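Q: Below: sequence and its predicted model.
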Amino acid sequence: MRIGLDATPLLGRRTGIGRYVQQLLTALPGLFPDDDVRATAFTLRGAGGLGAAVPRGVSVRARPAPARLLRAAWQRSELPPVELLTGRLDVFHGTNFVLPPARRAAGVLTVHDLAYLLHRDTVSADSARLRELVPRGLARAEVVCVPSASVAAELQDTYGLPADRVQVTPLGVDPAWATAAPLPPDRRVALGLDRPYLLFVGTLEPRKNLGVLLRAFAAACAAEPDGPLLALAGPAGWGQEADVPAAAAGRVVRLGYLDEPDLRELVAGARALVFPSVYEGFGLPPLEAFAAGVPVVASDIPTTRETVGRYPDLVRLVPVGDVDALAAALTTDWSAAAEPDHRRRRRAVAAQYTWTATAKLTRQAYERATGS
């Protein structure tokens, strides 16, 4: 099968969607060696670096083209067809909400979440354009991939898609998380983490609910003057930066973007991972923390209930936006949670989610799309 994928998310700093695309492109050639897997990018800047970004076994077919012009054209018409960039294909996979028109190739579209529609006040102006681009892609797609059953239900309810056009492809956890060791003391101290710490991981944007976390942490600081620090790891996003309340001054450490090897060590050494999101399409950080054996405090939203929330003795779920409940969870006695049995059970939960399974389910979507 000749398969094209949008690999634009591989360019620049890797966030969640970039990691998803990287893992798909890594797994597919090994699992299905007879396939011709091609990566392309919809961008004028950076497309020349795509060859260095894709894994072995994947060819690059890309022509520099302004992303904004392409999106504008695809938003209004069925031109230009994606085969002008990729050559002849059996199926093209739009991995990041946008599925371009095709001349003959079947279409598969990944919709990671519906924040652009269901939580409009939490997305950027660029993401708001998905309100027009996604319906176009849904109309072009034979099959739509989503990372969770909750997004599948939202997609069907919102757009009236029949269930047989939707494929749930849960994300995976890299096995390296299960063997991650905490940061060495000297590196930890160099980052400003000179005592135990709680950890937030994510892009700093409104959907991640950082303001609520900081207010809850300030309340926890008042209750525990000698308690842990709060480390914030993740790239700048958009929106107004949340201020650190006076009660938490000196106990919040902003680390910015970290590459995955450093992030794994940071998570492995945390007292707990805090995941206070308003909404998520999947929510990989809690599962990665589980793989490292680390406790999790998370918002009680459909996706966390679907993954880690099924194990109430291993995770603390709190109502979205409830500062008092989150503050109480942050002051949990973590001694029992750190016991070997609890760590082993968390790792077992995370081990159920593999990128191999993601790739196999995605390949099934390609087969369904092409009628193979």
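A: Received it, and whenever you're ready, just let me know what you need.
Q: where do the helices sit along the stretch 251-372 of the chain?
A: 260-268, 284-291, 302-306, 323-330, 340-350, 355-370 (DSSP state H, counting those that start in this stretch).
Q: do the same with the stretch 51-200 of the chain
A: Under DSSP H, counting those that start in this stretch, the stretch 51-200 of the chain gives helices at 67-76, 83-86, 115-118, 125-128, 130-140, 149-159, 185-190.
Q: Determine the set of other helices and strands touching the fifth one.
A: Under the contact criterion of 3 or more CB pairs under 8 Å, 6 or more residues apart in numbering; DSSP states H and E, the helices and strands touching helix 130-140 comprise helix 67-76, strand 106-110, helix 115-118. Placement of C-beta: from N, CA and C, glycine included.
Q: Enumerate the positions of the longest one that are buried.
A: Neighbour-count burial for helix 67-76 flags Ala67, Leu70, Arg71, Trp74 (criterion: 16 or more other CB atoms under 10 Å).
Q: Confidence-wise, which of the helices of the stretch 51-200 of the chain is weakest overall?
A: If you rank the helices of the stretch 51-200 of the chain by mean pLDDT, helix 125-128 sits at the bottom with a mean of 72.
Q: Which one of the helices and strands packed on helix 130-140 lies nearest to Pro286?
A: helix 115-118 (17.6 Å; CB to CB).
Q: Now that closest one: buried residues?
A: Ala115, Tyr116, Leu117.
Q: The first one and Ser124 touch, don't they?
A: Looking back up the chat, that one is Ala115. No. Contact criterion CB atoms under 8 Å: Ala115 and Ser124 do not qualify, at 10.3 Å.
Q: could you dump the helices of the stretch 51-200 of the chain to JSON lines with distance to Phe42?
A: Listed next are these as JSON lines, based on distance: least, CB to CB, whole Å:
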{"stretch": "helix 67-76", "distance to Phe42": "5"}
{"stretch": "helix 83-86", "distance to Phe42": "8"}
{"stretch": "helix 115-118", "distance to Phe42": "18"}
{"stretch": "helix 125-128", "distance to Phe42": "14"}
{"stretch": "helix 130-140", "distance to Phe42": "12"}
{"stretch": "helix 149-159", "distance to Phe42": "23"}
{"stretch": "helix 185-190", "distance to Phe42": "38"}
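Q: Tell me which of those lies nearest to Arg310.
A: helix 149-159 (12.4 Å).
Q: Kindly state the pLDDT recorded for Arg343?
A: 92.
Q: show me the residues around the closest residue in space to it that isn't next to it in sequence that make contact.
A: Counting by CB to CB, 6 or more residues apart in numbering, Arg343 lies nearest to Gly293, which is 3.3 Å off, once chain neighbours are set aside. Contacts for Gly293 (CB atoms under 8 Å, 6 or more residues apart in numbering) come out as Ala268, His342, Arg343, Arg344, Arg346, Arg347.
Q: Narrow those residues to just the buried residues.
A: When those are checked for burial by 16+ other CB under 10 Å, the buried set is Ala268, His342, Arg343, Arg346, Arg347.
Q: out of those, what pair is the most spread apart?
A: Greatest spatial distance among the buried ones among the contacts of Gly293 (CB to CB): Ala268 and His342, at 14.7 Å.
Q: Tell me the spacing between Asp6 and Ser299.
A: Separation of Asp6 from Ser299 (CB to CB, to the nearest Å) stands at 30 Å.
Q: So which elements touch the worst-scoring helix or strand of the chain on mean pLDDT?
A: Each helix and strand of the chain was given a mean pLDDT (mean pLDDT, DSSP states H and E); the minimum falls on helix 125-128 at a mean of 72. Where contact means 3+ CB pairs under 8 Å, 6+ apart, helix 125-128 is packed against helix 115-118.
Q: pretty sure Asp174 is in contact with Tyr353, am I right?
A: No. Shown here, Asp174 and Tyr353 do not form a contact pair, counting by CB under 8 Å, at 10.1 Å.
Q: which SS state does Ala27 fall under?
A: helix (DSSP: H, G, I helix; E, B strand; the rest coil).
Q: residues near it, how many?
A: By the criterion of other CB atoms under 10 Å, Ala27 has 21 neighbours.
Q: so what's it scoring on pLDDT?
A: So Ala27 comes in at 97 (pLDDT).
Q: what's near enough to touch Ala338?
A: Pro295.
Q: give me that answer again for 10 Å
A: Neighbouring residues of Ala338 by CB atoms under 10 Å, 6 or more residues apart in numbering: Arg271, Ala272, Gly293, Val294, Pro295.
Q: More neighbours: Asp6 and Ser299, which one.
A: Between Asp6 and Ser299, Ser299 has the larger neighbour count (other CB under 10 Å), namely 28 against 25.
Q: which residue sits closest to that one, ignoring its sequence neighbours?
A: Computed as CB to CB, 6+ apart, the closest residue to Ser299 that is not its neighbour in sequence is Val320, at 4.8 Å.
Q: hang on, isn't that neighbour packed against Val278?
A: Yes. If you go by CB atoms under 10 Å, Val320 and Val278 touch, sitting 5.8 Å apart.
Q: shared neighbours, the two?
A: In contact with both Val320 and Val278: Asn209, Val212, Ser299, Ile301, using CB under 10 Å, 6+ apart.
Q: Just want to check the distance between Pro81 and Pro100.
A: 7 Å.
Q: swap that for Gly250, sorry
A: When distance is defined by CB to CB, Gly250 is 50 Å away from Pro100.
Q: Settle it for me: which of these two has more neighbours?
A: Pro100 (30 against 9).
Q: Apart from its chain neighbours, what residue comes closest to that one?
A: Val82 (4.3 Å).
Q: For that neighbour, give its distance to Leu70.
A: 10 Å.
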